[in-house]
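Asker: below is the sequence, then the predicted model.
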Amino acid sequence: MSKLGVNVDHIANIRQSRKAIEPDPVTAALIAEMAGAESITVHLRSDRRHIQDEDVRLLRRMVKTKLNLEMAATEEMVKIACEIKPDTVTLVPEKPQEVTTEGGLNILAAQDELERVCAALKSAGVSPGIFIDPDSRQVRAAQACRADFIEFHTGIYAAAKQSSRQAEELNKIVQAGQATGEMGLVVNAGHDLNYRNVQPIAAIPFMNELNIGHSIIARAAFVGIERAVRQMADLIKEAGSKQ
Ligand code: PXP
């Protein structure tokens, strides 16, 4: 059964839009945990557009489930992660102009560097993972870097307008993830998952965790974080029980 990880960056987005002290992403994370989130994700971006270093420090002390830090594989971020020690780090590509992460990391273009980053994180007691497109070459490269887990980018799946296209993209995720069990890689997925498209992904037997931010926080604006998280957790459970 897949677990739900909740990304609370958008709460920090609202706060930073006024450079104010509220709403607080730490409070959001604790409510999300009470409502059924099994991990909390934040992305500490190089430009600090939403989550701030102090948020990550506070979350480290307050999160009771699991803290997953998304970050670019830069020297600055590796230093911060080794100091704060989230439970896991998901390495993501980062472009200054992008609105959100646009796709998976191309591990093949930076294999040695990513292997060094994974080793540094592991030696600090942090479990490293890499956000990739559903492509078996990237999966093998993640294993070669000694990542503990991968997160499949579900953005193309989510953007597919026709159900046949969506089924194709779903199949790519299933195919790319097929051999991960034997490789000892845990598989997560995320990006643009919402209340309408989450169930086919949640029903994939090897899927460990789904990381969801925008759709949950958007719904939370109307129904509150607790209900928004619970509704997503229920959909994931329902999909898992039909496996
Ligand atoms: N996983 C990764 C690696 C991401 O970069 C993001 C966005 O920060 C998410 C999951 C969550 O995506 P969304 O906000 O579209 O649910």
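Answerer: In hand now; what should we look at?
Asker: now do the buried residues in the longest helix that the chain contains.
Answerer: For the chain, the helix that runs over the most residues, judged by DSSP state H, is helix 225-241. Residues 225, 228-230, 232-233, 235-236, 239-240 are the ones in helix 225-241 that count as buried (16 or more other C-beta atoms under 10 Å). All C-beta spots, glycine's among them, are computed from the backbone N, C-alpha and C.
Asker: how about the contacts made by the residue positioned nearest the centre of the chain?
Answerer: For the chain, residue 211 is the residue whose C-alpha lies nearest the centre (C-alpha atoms, centre = their mean; 4.2 Å). Contact partners of residue 211, counting by C-beta atoms under 8 Å, 6 or more residues apart in numbering, are 5-7, 39, 41, 68, 90, 151, 188-191.
Asker: likewise residue 101?
Answerer: 43, 70, 92-94, 131, 153, 191.
Asker: who wins for neighbours among the contacts of residue 211?
Answerer: residue 151 (31 neighbours; other C-beta atoms under 10 Å).
Asker: ok, now which ones touch that residue?
Answerer: Taking C-beta under 8 Å, 6+ apart, we find residue 151 in contact with 90, 129-132, 187-190, 211.
Asker: for it, grab phi and psi.
Answerer: For residue 151, the backbone dihedrals (degrees, to the nearest 10) come out as phi -120, psi 120.
Asker: what sits closest to it if chain neighbours are left out?
Answerer: residue 188 (4.2 Å; C-beta to C-beta, 6 or more residues apart in numbering).
Asker: that neighbour belongs to a helix, doesn't it?
Answerer: No: Residue 188 is assigned strand when assessed by DSSP: H, G, I helix; E, B strand; the rest coil, not a helix.
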